[in-house]
Each structure stands twice: as C-alpha cells, then as structure tokens.
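# requesting a structural model of the entry that follows:
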Amino acid sequence: MYIIKKGLILLLIAFIIAQFFEPEKNEGDLASMASFIAETTPPEDVKIILKASCFDCHCDVTRYPWYNNITPVNYWLNGHVKEGKEHFNVSNWEGNSTKRKDHKFEELIEMVEDKAMPLKSYTWTHNEAKLTDAQIKSVIDWAKMVRLKYSLEQEPEY
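You can find the predicted model right below:
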C-alpha cells in the first residue's frame, strides 16, 4: 500500500510540473485566410460551416477550448492541429499550384462525403461542428464548383 501511495504522489507532482510546459499555440492572423476565401468564393452558409467545422485545424488561427490549458491534453490537441495543417492549410493557399489546389479540393470532397471530416474527436467537444446532410451537400456542391474552376485554369496535357 505504501508503494502505491508513493507512486500516486510522484505522479501528482509530475502532473503539476507538466502544467508549466505547453506547446506553441497556433495563433496566426485572420487575414491569412483572405486569399483562400477570395479565390474559392464560398457562399455565406459554407463560410459559416468552414469556420465552425474546419478552420480550427486547417488554418493558422485556432480557437482553443478551456481544456487546452491542461497538459497533456494541449499536446494532443496541438498534434491534431499540426497534422490538419499538413494535409490542408487555407492560410498558405497562395503558395500552391492550381493542380495542388484542385487535388486538395478532391480530397476535401472525399473526406466530407465519407464523413471522415470533421474528426469525431473534434465533434465530441464541438457539437456545432457536426455536419448535417444538408450542410455536407452545400460544402460538396461548393467544392465541386471550385474544382471546375481549377480544371478550366489548368493547362491541358498533350
């Protein structure tokens, strides 16, 4: 019993010390999304969906929940945000070729159709991010229009 009590005290001390360390936060500038919005021209309903369901993990501006102040939860969340930005980052949209942008929208359509995005772990704590069938249709319709625009911009291969 003494060993268990001592072990629990050591774990508590380690937990308290860990609270003084945190990963770098994803706190960029909202203007970084301007080129994405201007280029892809989402309708107002899709903009609302993107803000509620996508931008926290797929741009340089993240709205952090209160529990992000708890280590190790903050490291777990930071990992999700970093991975999300690696796959699709609207904040560095200008730096991508038309072909890459088209491919990213192809992936977006696939992930939203399959209901793989937003992640279940995100919607557990962000109920407003859960997409209805009508919202899924709106996002997919918009994304297909963007892909059509990109396909017209690409040079034909001979």
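
# any idea how far Ile3 is from Thr40?
Using CB to CB, to the nearest Å, Ile3 is found at 60 Å from Thr40. Quick note: C-beta positions are derived from backbone N, CA and C, even for glycine.

# which one of the two has more residues nearby?
A direct count of neighbours by other CB atoms under 10 Å for Ile3 and Thr40 places Thr40 higher, at 20 against 7.

# ok, now which ones touch the more buried one?
Trp142, Val146 (CB atoms under 8 Å, 6 or more residues apart in numbering).

# can we see that at 7 Å?
Val146 (CB atoms under 7 Å, 6 or more residues apart in numbering).

# in what helix or strand does the residue nearest the centre of the chain lie?
Residue closest to the mean C-alpha point of the chain, counted by CA atoms, centre = their mean, is Cys57 at 2.1 Å. Counting by DSSP states H and E, the element that carries Cys57 is helix 55-58.

# repeat that for Lys47.
helix 44-53.

# got the CA coordinates for that helix in CSV?
What follows is helix 44-53 as a C-alpha-only set of coordinates in CSV (Å, rounded to 0.1, in the frame of the first residue of the first chain):
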residue,chain,number,x,y,z
GLU,A,44,-22.2,32.6,-46.8
ASP,A,45,-23.6,29.3,-45.5
VAL,A,46,-20.4,27.5,-46.4
LYS,A,47,-18.3,30.1,-44.8
ILE,A,48,-20.2,29.5,-41.6
ILE,A,49,-19.6,25.8,-41.9
LEU,A,50,-15.9,26.2,-42.6
LYS,A,51,-15.5,28.5,-39.6
ALA,A,52,-17.3,26.1,-37.3
SER,A,53,-16.0,22.8,-38.6
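
# so where's the longest helix in this structure?
Once the chain is assigned using DSSP state H, the helix that runs over the most residues is helix 133-153.

# pull the distance from that one to the chain's centre.
Mean-position distance between helix 133-153 and its chain equals 18 Å (CA atoms, centre = their mean, to the nearest Å).

# what's near enough to touch Thr41?
Applying CB under 7 Å, 6+ apart, no residues qualify as near Thr41.
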